[in-house]
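# Predicted model and sequence below, questions to follow.
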Amino acid sequence: MFAAVDRTRTPMVICDPRQADNPIVLANQAFLDLTGYTRDEVLGRNCRLLQGPETDRSAIDALGSAVRDAREVEVEILNYRKDGSMFWNRVSLSPVQDDAGGLLYFFASQVDVTRHRQAEASEAEANQILLREIDHRALNALAIVEGIVRLSQAQDVGRYAAAVQQRVQALARAHAFLSQRRWQPAPLGDLVRLQIAPFDTSRVTLDGPDIPVGATLIQPLALVLHEMISNATIHGCLSAPSGGVTAHWQPYNNDGGFRLVWEEAGGPPPPQTRKPGFGSAMVTAIIERQLRGRARLEWPPTGLRAEFIVPDTGRDPKPFQLAARR
């Protein structure tokens, strides 16, 4: 879990409320770059080390209240780097609980919003709209990472860490993609190509028109596409020399929706009985719960066939939610 979080591009710390004073137990490199501290200087200390003389008491109280109540919160707070320089920090705090509801950790991501604070009044409104979008996506990504870390399963620690890392990297690619486009809608085909790029694309055939996908749907769809190409590579058609994937999409309705069909062929024969895994459960949950669509996964003798229908690509998704596996 810690290794996966350490590789994210968003500054992030993990704190352990089960220890005295809720100390930092992990600080990723992005956080160290943001604050100027070394890892040894922050581990074991409370996050208040970033506070200083001009830090607003109401922001401190808001964070403290959320910690006491074990709830999510977003706070913009004036923090201090190691060298004493100040920066405005948008903190997104989220508790992590076990299946019984016991508190395990707090995840906290940071976004340096100093430039937005210093922007001229004529630019402030546009910048605030963009910032709210970034914050919303960062909090949603944090919830998804939490679900991935808690619910991913593998037979050994190495495979578990690799699976979590790859899923987090898929989110990171989507985040960078959104940032490059300034959080504007993007063609579905561009997103598909982005997520399959780290894999063997020579045996993947893509076909479909340009269908704009809203910025709020990019990260959830990125995870779906990653799960499909990753599964095809490890277990499906791309694990065999002659296997191949065909993915094609088309408009679904007049609300900007789409229908995407993923078909595999030439791989090992699917088992006669299947036990649903985390990947397929997550794909179905994202399409049906988050995006209010329909997902159908079938395993005919030729290989996996999946059909995804997303009825509205401009509507904000619901929060990521996936029940823990029993």
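Cool, the structure landed.
# C-alpha only now, for contacts and for neighbours.
OK.
# so what pLDDT did Gly147 get?
pLDDT, Gly147: 58.
# If you could redo that for Gly244, that was the one I meant.
96.
# who's in contact with it?
Shown in contact with Gly244 (C-alpha atoms under 8 Å, 6 or more residues apart in numbering): Arg203, Val204, Thr205, Cys237, Leu238, Glu264, Ala265, Gly266, Gly267.
# for the residue lying closest to Leu291 once chain neighbours are set aside, what are its contacts?
Distances taken as C-alpha to C-alpha, 6 or more residues apart in numbering place Pro317 nearest to Leu291, at 5.1 Å, with adjacent residues excluded. The contact partners of Pro317, by C-alpha under 8 Å, 6+ apart, come to Thr216, Leu217, Gln290, Leu291, Arg292.
# In strands, which of those appear?
Taking DSSP state E, every one of those sits outside strands.
# Among these, which lie within helices?
Under the assignment DSSP state H, these contribute Thr216, Leu217 to helices.
# Now which of the contacts of Pro317 would you call buried?
Thr216, Leu217, Gln290, Leu291, Arg292 (16 or more other C-alpha atoms under 10 Å).
# I figured the second one hits Thr313, correct?
Okay, so that is Leu217. Yes: using C-alpha atoms under 8 Å, Leu217 is in contact with Thr313, at 6.8 Å.
# Would you state the helices of the stretch 101-250 of the chain in chain order?
Taking DSSP state H, counting those that start in this stretch as the criterion, the stretch 101-250 of the chain contains helices spanning 114-118, 121-151, 157-180, 188-196, 215-234.
# hey, least reliable of those by pLDDT?
Comparing mean pLDDT across the helices of the stretch 101-250 of the chain, the lowest value falls on helix 121-151: a mean of 55.
# what's the spacing between the closest residue to Thr216 other than its chain neighbours and Val25?
Ranked by C-alpha to C-alpha, 6+ apart and with sequence neighbours excluded, the top spatial neighbour of Thr216 is Asp316, at 5.8 Å. From Asp316 across to Val25, the span is 34 Å (C-alpha to C-alpha, to the nearest Å).
# So between those two, which is more surrounded?
Legend: neighbour count by other C-alpha atoms under 10 Å for Asp316 and Val25, higher for Val25 (18 against 14).
# Pull the residues that contact the longest strand belonging to the chain.
Assignment by DSSP E gives strand 86-97 as the longest strand of the chain. The contact list for strand 86-97, computed with C-alpha under 8 Å, 6+ apart, reads 70-81, 103-114, 117, 135, 138-139, 142-143, 146.
# can you give me the mean pLDDT across stretch 44-57?
Averaged over stretch 44-57, pLDDT sits at 96.
# Domain-wise, how is this structure divided?
2-118, 152-310 (automatic domain parsing).
# Mean pLDDT lowest where, among those?
Sorting those by mean pLDDT places domain 152-310 lowest, at a mean of 88.
# Arg45 is in what secondary structure piece?
Under the criterion DSSP states H and E, no helix or strand holds Arg45.
# residues touching the closest residue in space to it that isn't next to it in sequence, list them.
In space, Arg45 comes closest to Pro23 once its chain neighbours are excluded; the distance is 4.8 Å by C-alpha to C-alpha, 6+ apart. Pro23 makes contact with Cys15, Asp16, Pro17, Leu43, Gly44, Arg45, Asn46, Cys47 under the criterion C-alpha under 8 Å, 6+ apart.
# For the residues you listed, which two are the farthest from each other?
Pro17 and Leu43 (13.7 Å; C-alpha to C-alpha).
# if we can go back for a sec, okay if I get the contacts of Pro23 as JSON lines plus distance to Arg173 and neighbour count?
Shown next, in JSON lines, are the contacts of Pro23 (distance: C-alpha to C-alpha, whole Å; neighbours: other C-alpha atoms under 10 Å):
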{"residue": "Cys15", "distance to Arg173": "26", "neighbour count": "24"}
{"residue": "Asp16", "distance to Arg173": "28", "neighbour count": "20"}
{"residue": "Pro17", "distance to Arg173": "31", "neighbour count": "18"}
{"residue": "Leu43", "distance to Arg173": "28", "neighbour count": "17"}
{"residue": "Gly44", "distance to Arg173": "31", "neighbour count": "18"}
{"residue": "Arg45", "distance to Arg173": "31", "neighbour count": "16"}
{"residue": "Asn46", "distance to Arg173": "31", "neighbour count": "16"}
{"residue": "Cys47", "distance to Arg173": "28", "neighbour count": "17"}
